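# Give me a 3D structure for the following:
(one chain, ligands or ions: 1)
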Amino acid sequence: MDKTGKRIDPWGANDISDYDKLMSEFGIEPFSNIINSVPNIHKYMRRNIIYGHRDFKRIALAMKNKTPFIMLTGLMPSGKMHFGHKMVADEMIYFQQNGAHCYVCIADIEAYLTRNMDLETMKDLAINEYLLNYIALGLKPKKCTLYFQSDFKNKYNTLSKYFAKKVTFNELKAIYGDLTTGKITSALTQAADILYPQLDIGRPTPTIVPVGTDQDPHLRLTRDIASRFKSEYNFILPSSTYHRYQKGLGGSKMSSSDPTTYIALTDSKKDAESKIKRALTGGRDTLEEQKRLGGNPAKCTIFELYKFHLIDDDSKLKNVFDDCSAGKIMCGECKMRCIELIANFLEKHQQKREKAKSQLDKFLK
Ligand code: TRP
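So this is what the prediction gives:
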């Protein structure tokens with residue numbers, strides 16, 4: 001809870017609008033403070049999509065000095081993997097490519113406890129939906145430990161139980177508000193997700209956890225737990241980065257339960273095309289007005305697709321922004337370009353996804 005009594009609910013529907021306020025209230029540092037010490041800056045960092053962090057300096061140093069560090073993140077399998085989920089995968093792969101040992105946690109216990117999903121369906125989704133896409137996007141089996149919360153080592157399972165010893169009920173209430181037994185178990189399990197890799201590696205190791213802002217309560221709790229268990233385990237406090245979420249195609253939240261809000265990585269080109277045609281833009285009511293006043297790329301869900309996924313070159317992205325704002329391109333034309341870029345991406349991605357099938361075993365040892 002912050003000074004004004006506000007909370008972030010990791011299990012609720014958070015549609016965050018004021019990131020600056022949030023950062024100062026919860027003590028998240030702006031990423032811009034650290035960006036210059038990052039050796040190989042990712043486009044999400046340059047574009048302020050990754051906008052905040054805690055203790056990223058340790059990670060920047062490990063990347064620079066090529067010393068060991070861990071990347072851990074978790075996902076709750078829910079429906080199809082879409083472009084919003086792709087962002088998290090891109091971050092995992094970036095850290096793997098920059099030297100991290102990756103731990104990918106399938107949070108099936110959490111989904112079972114907080115979303116009423118059955119474990120079998122989730123297992124299938126995690127492997128045949130998420131993992132296949134991760135491999136197609138570039139995740140490599142070397143230095144990658146993928147696990148299911150429901151099916152992981154003994155030491156990991158005991159860790160989350162030990163943590164209960166030094167966490168009070170009132171403290172959890174202050175962080176999370178309304179509690180259920182399932183939420184308490186999920187929170188302590190997540191703390192074990194984040195800290196266990198240091199035990200697995202065998203020594204205190206800097207750990208980066210890339211997440212959306214809604215997960216910050218878990219990080220705050222985990223960092224407290226890490227310091228309280230210093231004498232037993234000598235953990236290094238985990239670092240984290242925070243990303244903004246890509247808007248859904250209708251302008252509000254992208255949601256796995258509403259296919260009109262997203263494009264899935266397995267959507268056909270035709271489906272992607274019709275979704276883009278219907279997507280919200282920052283265009284004006286008439287062509288005349290748009291030429292005269294310019295469009296508003298900051299409000300446009302097509303521009304979001306360019307910014308997050310489809311245009312890697314910053315100067316090209318800036319051109320689109322400037323041309324749109326100056327009224328030089330109209331939405332119809334811009335959507336055609338987007339359709340072409342998406343079709344191109346989907347075709348290549350889906351071919352890689354087919355090939356990835358033969359690699360699944362290497363991740364599921
Ligand atoms: N709670 C996360 C979610 O809602 C999933 C998750 C489980 C996770 N364990 C984690 C995320 C560890 C980051 C780190 O999606």
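
# distance of the spatially most central residue of the chain from P238?
Computing the C-alpha centroid of the chain and ranking residues by C-alpha atoms, centre = their mean puts V88 first, at 3.4 Å. V88 sits 17 Å away from P238, taking C-beta to C-beta, to the nearest Å as the criterion. The way it works is simple: take the backbone N, C-alpha and C, and place the C-beta from them, glycine included.

# Quick check, the residue in the protein closest to the ligand?
Closest contact between the chain and the ligand, by C-beta to the nearest ligand atom, is at G74 (2.5 Å).

# Next, the nearest residue to that residue once chain neighbours are set aside: secondary structure please.
Once flanking residues are discounted, G74 sits nearest to C105: 3.6 Å by C-beta to C-beta, 6 or more residues apart in numbering. Under DSSP: H, G, I helix; E, B strand; the rest coil, the three-state class of C105 is strand.

# Can you name the residues that contact C105?
72-75, 147, 149, 193 (C-beta atoms under 8 Å, 6 or more residues apart in numbering).

# So which of these belong to helices?
Cross-referencing these against helices under DSSP state H gives D193.

# pLDDT and distance to I175 for the contacts of C105 - can I get that in CSV?
Shown next, in CSV, are those (pLDDT from 0 to 100; distance: C-beta to C-beta, whole Å):
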residue, pLDDT, distance to I175
L72, 98, 20
T73, 94, 20
G74, 95, 18
L75, 93, 22
Y147, 96, 25
Q149, 95, 20
D193, 98, 17
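
# L221 touches I194, doesn't it?
No. Counting by C-beta atoms under 8 Å, L221 does not reach I194; the two are 9.6 Å apart.

# which one of those two has more residues nearby?
The residue with more neighbours, out of L221 and I194, is I194; 28 against 21, by other C-beta atoms under 10 Å.

# From I208, how far off is that one?
Counting by C-beta to C-beta, the gap from I194 to I208 is 10 Å.

# Report how many residues lie close to D314.
11.

# Likewise for F235?
By other C-beta under 10 Å, neighbour count at F235 equals 22.

# did I read that right, it in a helix?
No. Counting by three-state DSSP, F235 falls outside a helix, being coil.

# Could I get the pLDDT score of it?
Looking at F235, its pLDDT stands at 98.

# Check the one 10 residues further on too.
In the predicted model, Y245 carries a pLDDT score of 91.

# pLDDT score for the closest residue in space to it that isn't next to it in sequence?
Spatially, and ignoring its direct neighbours in sequence, Y245 is nearest to G212 (6.0 Å; C-beta to C-beta, 6+ apart). In this prediction, G212 carries a pLDDT score of 93.

# Also T4?
pLDDT for T4: 58.

# before we move on, what about the one 4 residues further on?
I8 carries a pLDDT value of 81.

# host element of it?
For I8, there is no helix or strand it lies in under DSSP states H and E.

# can you pull out the strands in the stretch 101-250 of the chain?
For the stretch 101-250 of the chain, the strands defined by DSSP state E, counting those that start in this stretch cover 101-106, 144-148, 207-212, 239-243.

# Y306 touches C338, doesn't it?
Yes. Using C-beta under 8 Å, Y306 is in contact with C338, at 7.1 Å.

# out of these two, which sits in the more crowded spot?
Higher neighbour count among Y306 and C338: C338, with 25 against 20, using other C-beta under 10 Å.

# And the helix or strand hosting the more buried one, what's buried?
Assignment of secondary structure by DSSP H and E places C338 within helix 331-356. Residues of helix 331-356 classed as buried: 331, 334-335, 338-339, 341-343, 345-346, 350, 353, 356 (neighbour count, 16 or more other C-beta atoms under 10 Å).

# what comes into contact with stretch 243-250?
16, 19, 44, 48-51, 83-84, 87-88, 91, 210-213, 253-255, 258, 260-263, 275-276, 278-280, 301, 304-305, 308.

# which of those count as buried?
19, 44, 48-51, 83-84, 87-88, 91, 210-213, 253-255, 261-263, 275-276, 279-280, 301, 304-305, 308.

# ok, and of those residues, which contact the ligand?
Residues of these in contact with the ligand (C-beta under 6 Å from any ligand atom): V211.

# Just the buried ones among the contacts of stretch 243-250: which are in strands?
50-51, 210-212 (DSSP state E).

# circling back: residue contacts, the residue of the chain closest to the ligand?
104-107, 110, 149, 190, 193.

# Could you export those as CSV, including distance to F321?
Listed next are the contacts of G74 as CSV, based on distance: C-beta to C-beta, whole Å:
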residue, distance to F321
V104, 34
C105, 36
I106, 37
A107, 36
E110, 38
Q149, 41
Q190, 37
D193, 38
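
# ok, and which of those residues reach the ligand?
105, 107, 110, 190, 193.

# Domain ranges for this protein, per the record?
Domain assignment for the chain by automatic domain parsing gives 19-245, 259-357.

# Tell me which of the ones you listed sits nearest to K365.
For the domains of the chain, distance to K365 was read as C-beta to C-beta. The smallest value, 8.6 Å, belongs to domain 19-245.
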